[in-house]
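> sharing a sequence plus its predicted fold:
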Amino acid sequence: MFFFVLMVAIGVLPMLIWQGTAWTFWTFVGLVLVGLLGWGYAYILWYFSIYLITNERLRQIRQKGIFRKSVVDLGLDKIESVSYEVPGVMGGIFGYGTLLVQTAAGDLVVSSVRKPEAVYNKLQDAMKMMKKETSHESA
């Protein structure tokens with residue numbers, strides 16, 4: 001969204017300086033289209049990146065380009081701790097944040113999570129259920 005606003009602002013500047021010329025209008029239109037393409041690309045990457053929490057694992061499927069994606073599969077029994085962060089006013093207003101999942105092998109950072117507190121609570125609940133199930137099976 002920031003890129004789109006930046007392109008619109010850059011497109012408006014020539015229209016304010018050289019008023020009444022046709023090329024300034026077409027420059028503005030071109031920069032708005034570039035801004036829309038950039039916003040659309042970022043939206044596609046965000047929209048097709050998903051995170052699944054089951055009773056056994058946390059799976060992150062992240063879109064890294066139009067034709068490229070990465071998958072991280074992490075068993076709930078491997079998770080040592082989970083925390084989340086809401087980055088300032090914009091994160092609070094729009095309801096997004098970052099989830100940090102710590103394991104012995106390393107950290108998994110899940111960014112741009114919608115309602116991070118709810119996801120954090122669901123992940124904590126799933127981890128508790130997993131521990132109960134494993135303690136019942138070993139007894």
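On my side now, so go ahead. Numbering: from 1, shown residues only.
> what's around the residue lying closest to K69 once chain neighbours are set aside, how many residues?
In space, K69 comes closest to Q63 once its chain neighbours are excluded; the distance is 5.1 Å by CB to CB, 6 or more residues apart in numbering. (Glycine included, C-beta is placed from N, CA and C.) Counted with other CB atoms under 10 Å, the neighbours of Q63 add up to 16.
> now do the one 10 residues further on
Taking other CB under 10 Å as the neighbour definition, D73 ends up with a count of 11.
> before we move on, what about L58?
L58, neighbours per other CB under 10 Å, totals 24.
> so it makes contact with D77?
No - L58 is not in contact with D77 according to CB atoms under 8 Å; the separation is 10.9 Å.
> circling back: wait, isn't the residue nearest to K69 in contact with L45?
Yes - counting by CB under 8 Å, Q63 touches L45, with 4.9 Å between them.
> picking up where we left off before, quick one, what contacts the residue nearest to K69?
Neighbour list for Q63: I44, L45, W46, Y47, F48, S49, K69 [criterion: CB atoms under 8 Å, 6 or more residues apart in numbering].
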